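> build me a model:
(2 chains)
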Amino acid sequence: MAKEIYTKYKMAKYLRKEALPTALCPGCGGGTVLNAFANAIDQLGIDPRDLVVVSGIGCSAWIASPYFLADTLHTTHGRAIAYATGVKVGLPDKKVVVISGDGDLAGIGGNHLIHAARRNIDITVILVNNFIYGMTGGQVAPTTPFGAITTTSPYRNVEHPLNIAETVTSAGASYVARWTTFHVYQLIESIKRALSVKGFALVEAISQCPVQFGRRNRMKTPTEMLRWFQRNSVLISKARNMSPNELEGKIVVGELVNREKPEFTEELNSLIEEVSKHYGLGDNNAD
Amino acid sequence: MIIRGDEPEQIELLKKMYPKGNYFMQGDEAIAYGALFAGCRFYAGYPITPASEIAETMARELPKLKGYYIQMEDEIGSIAAVVGASWTGFKSMTATSGPGFSLMQENLGYAIFTETPLVLVDIQRSGPSTGQATKGAQGDFFQARWGTHGDHPIIAISPTSVEDSFWETIRAFSLSEKFRIPVLVLADGIIGHTREQIKIPDPEEVEIVYRKLPTSDEEAKYPFGDVHGDLIPPMPLFGHDYFTHVTGSTHKENGLRDVYTPEVHDRLVRRLHKKIELHKTEIQKWEEYYIEDAEILLVSWGVSARPSLGAVMEGRKKGIKVGLFIPKTVHPFPGERIKELSKNVQLIIVSEMNLGQVILEVQRFVRDEVPVIGVNKIGGVPLTVEEILKEIESSAERSRHRSAD
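Numbers count the residues shown, from 1 in each chain, chains lettered A, B, ... in the order given. Purely as a prediction, here's the structure:
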């Protein structure tokens, strides 16, 4: 049942109103990411009809599908980027965006993340990193900080987290940036750049989950978590002159890479053009 | 631009690339060419014996026809990309074998639930696990039916020769497109790697079926609704301004998730089943040989059907009234027809390269009314005419003794 929603919120026009209100908990960073994404789309003047948004499983996967009003594909756990690969090949002129979580994209789906970056396919990934498997009740994730308490590391986490942004940079992405939900304006700017770059682009958005992560780690409220982001973030320009010891437990924010590289669907299409021209109908001397 | 396969340019291209005539090729290649003739222009895959030749053929031939080949990082990603491409309008396919088929099960379920047309080829090999990687088998009959979790319908087709692989792959695409459901092609390592002569037809001789698309914006609002009364919703593809939402969660007719209302789940899952049930006569296909006066009915499928036919012909020469039934669509299983045939026979023999799978389906339909015995062989070497004939002869002998009593 489509509900009429009266709001002064300018981005409401980008939302699928019949799917509202969102299922996100009060204080969740997911809304901030959705807002940042909508603002980026708005500022770039992208028509939502030129967008396909793909997501996996988990709280962060719900941010855009179903709430964002575009073609949306809500896939299986971890596989959003692989589904998006097929979508991008079929619709090379559309913006294909993946919005999903850390457990989804970097845990179970880590292989697809690395290989999509290697292929440098023109997909924009907004990876919402809240350090935890939120939807399933707060279990330890491959991004959970060392020593943190979760429901499956009830004494403390003895593993070290994956540095997602650096991994994707090494794998060959065109664009990689990391911000937190405290850095809303920078986040919008980076999403805009990620959408504009030709090639694989990752924006890692560190986000608060006060319900499943914060309250077990002495940050009961969303504001406490945002303050932690503020205090703990180090700009990448500054981080370059810091030792690994000094950087332990810090969140390095900023743009990790922004480079021009051959893009996968363009390469694939020019190969097809070449081969089909050679074998095709037009040129009778092809053989 | 999405290619359906029936464009005049595509017909001309097919004619130029693969002129009508006799070709000598493997079953794997025949499957690939069948897909090309059916209009498949997107393939995502991952290498695995004995299915790799399908990927190799597609990688070589697809670009000539302006189609796309992608090699993914694993089988999970392969079928995921195929689903994604299908929602943009491509007829899409992937192919794999045993271990890869196991990996694809979750996303196969996604494709079933989201009514995504695609063709998944399983070149069956000896399992479990890595098993005999290079050897054929018929052990995935039930995995094809129940490999992915939850209640679901499926269509699976099993070809019996190299030429049959070409035509059955085309039929797989037609059924998949028509009924908006993934269709499995259950070939095996023996057919896949056997080389024999096949006739490639004129592309005009091939019936090209493309999925039903919405004819209005109103219809497009219900990607999962029975808007035409045939239980098959038209498919509002991505990129056509429909704002289509697709999810593997339980969804309403408009595509939006509703996992809390029991009726929504009940309605959706029952419609998916009824969709196949309603069109079963169109989906099912079988072959029958010498059944008119048969006293012994041999049932066989896939690679085992061929030596079974040989055994039946040899048996007939010896005066044994034996007939053969070959299900070509193995799911939904044509059990009703077997039940009908069973009324006139004294015994049913099921020959297959496993320890007894199709035999369980046969028994389910004929109950205890007719004795059912199996001729089973595993190890990667196909059943021979002699092995099957031996069972037919000894069965005929036993029944002669019984009637003499």
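> for B:G27, give me its contacts.
Neighbouring residues of B:G27 by Cβ atoms under 8 Å, 6 or more residues apart in numbering or on different chains: B:159, B:161-162, B:165, B:187, B:191-194. No exception for glycine: its C-beta is placed from N, CA and C like everyone else's.
> which of these are buried?
B:159, B:161-162, B:165, B:187, B:191-194 (16 or more other Cβ atoms under 10 Å in any protein chain shown).
> tell me where the model's unsure across the chain.
No chain specified, so I'll use chain A. Within chain A, the stretches with pLDDT under 70 are A:1-5, A:283-287.
> you looked at the wrong chain, it should be chain B
Counting by pLDDT under 70, chain B contains low-confidence residues at B:403-405.
> again, only using 80
For chain B, residues meeting the criterion pLDDT under 80 lie at B:1, B:402-405.
> center of it, which residue is that?
B:I157 (2.5 Å; Cα atoms, centre = their mean).
> cross the buried ones among the contacts of B:G27 against helices and list the overlap.
Secondary structure from DSSP state H places B:162, B:165, B:191-193 of the buried ones among the contacts of B:G27 in helices.
> quick check: phi and psi at the closest residue to chain A within the stretch 201-350 of chain B.
Closest to chain A within the stretch 201-350 of chain B is B:T247: 3.8 Å, counting by Cβ to the nearest Cβ. Main-chain dihedrals, B:T247, degrees, to the nearest 10: phi -140, psi 150.
> can you check the one 4 residues further on too?
Recorded main-chain torsions at B:H251 are phi -130, psi 160, according to degrees, to the nearest 10.
> close enough to count as contact, it and B:P233?
No: B:H251 lies out of contact with B:P233 (Cβ atoms under 8 Å); the separation is 11.5 Å.
> find residues that contact each of these two.
In contact with both B:H251 and B:P233: B:F224, using Cβ under 8 Å, 6+ apart.
> now for B:S174: which residues touch it?
B:38, B:207, B:209.
> contacting residues for the nearest residue to A:V52 once chain neighbours are set aside?
Leaving aside its sequence neighbours, A:V52 sits nearest to A:D71 (Cβ to Cβ, 6 or more residues apart in numbering or on different chains; 4.5 Å). Residues near A:D71 by Cβ under 8 Å, 6+ apart: A:51-53, B:238-239, B:242-245.
> quick one, domains of chain B?
The record's domain split for chain B, according to automatic domain parsing, is B:8-205, B:217-281, B:286-404.
> determine which stretch of those domains is the most buried.
Among the domains of chain B, ranked by average contacts under mean count of other Cβ atoms under 10 Å in any protein chain shown, first place goes to domain B:8-205 (a mean of 23).
> need the distance between the two termini of that one.
Taking Cα to Cα, to the nearest Å, domain B:8-205 runs 14 Å from one end to the other.
> may I have the beta-bridge partners of the residue of the stretch 201-350 of chain B closest to chain A?
Beta-bridge partners recorded for B:T247 (DSSP bridges): A:H74.
> that one and B:T114: what is the separation?
7 Å (Cβ to Cβ, to the nearest Å).
> list residues touching both of these two?
Common contact partners of B:T247 and B:T114 (Cβ under 8 Å, 6+ apart): none.
> could you pull out the helices in the stretch 151-287 of chain A for me?
Per DSSP state H, counting those that start in this stretch, the stretch 151-287 of chain A carries helices over the ranges A:164-171, A:184-196, A:222-232, A:236-239, A:244-247, A:264-279.
> contacts for the helix or strand B:I359 falls within, please.
Assigned by DSSP states H and E, B:I359 belongs to helix B:358-366. Defining contact as Cβ under 8 Å, 6+ apart, one finds that helix B:358-366 is touched by B:138, B:141-142, B:299, B:301, B:327, B:330, B:333, B:335-336, B:338-339, B:342, B:348, B:350, B:352, B:372, B:374.
> residue of the stretch 151-287 of chain A closest to chain B, please.
Nearest residue of the stretch 151-287 of chain A to chain B (Cβ to the nearest Cβ) works out as A:V275 at 3.8 Å.
> B:K390: which element?
Counting by DSSP H and E, B:K390 is found in helix B:385-404.
> what residues does the stretch 51-200 of chain A put near chain B?
Proximity of the stretch 51-200 of chain A to chain B, by Cβ under 8 Å from any Cβ of the partner chain, involves residues A:52, A:54, A:65-66, A:69-76, A:79, A:82-91, A:94, A:111-112, A:114-115.
> mind listing which of the residues you listed are in strands?
Mapping those onto strands (DSSP state E) picks out A:52, A:54, A:71-74.
> quick one, what contacts the residue nearest to the centre of chain B?
By Cβ under 8 Å, 6+ apart, B:I157 lies in contact with B:168, B:171-172, B:175, B:183-186, B:285, B:328-330.
> what does A:P210 give?
Going by Cβ under 8 Å, 6+ apart, A:P210 touches A:25, A:27-28, A:219-222, A:224-225.
> so how far is A:L268 from A:V98?
19 Å.
> oh, that last question was meant for B:T94, not what I typed.
Remark: distance between B:T94 and A:L268 (Cβ to Cβ) = 17 Å.
> also B:I190?
To A:L268, B:I190 is 34 Å away according to Cβ to Cβ.
> again, but for A:I236
For A:I236, the distance to A:L268 equals 33 Å [Cβ to Cβ].
> have a look at those two and say which one is more surrounded.
A:L268 (18 against 14; other Cβ atoms under 10 Å in any protein chain shown).
> chain neighbours aside, what residue packs nearest to that one?
Residue nearest to A:L268 in three dimensions, not counting chain neighbours: B:Y68, with 6.5 Å by Cβ to Cβ, 6+ apart.
> dig out what that neighbour forms beta bridges with.
Beta-bridge partners recorded for B:Y68 (DSSP bridges): B:F42.
> how close does it sit to B:S92?
9 Å.
> so who does the nearest residue to A:P66 once chain neighbours are set aside touch?
Closest residue to A:P66 in three dimensions, ignoring its sequence neighbours and counting by Cβ to Cβ, 6+ apart: A:A19, at 4.3 Å. In this structure, A:A19 makes contact with A:66-67, B:256, judged by Cβ under 8 Å, 6+ apart.
> check those against A:K8 and report the nearest one.
Using Cβ to Cβ, the shortest approach to A:K8 within the contacts of A:A19 belongs to A:Y67, at 18.3 Å.
> quick check: the closest one vs A:K220, distance?
Here the criterion is Cβ to Cβ. By it, A:Y67 lies 26 Å from A:K220.
> B:S129 too?
Distance from B:S129 to A:K220, counting by Cβ to Cβ: 48 Å.
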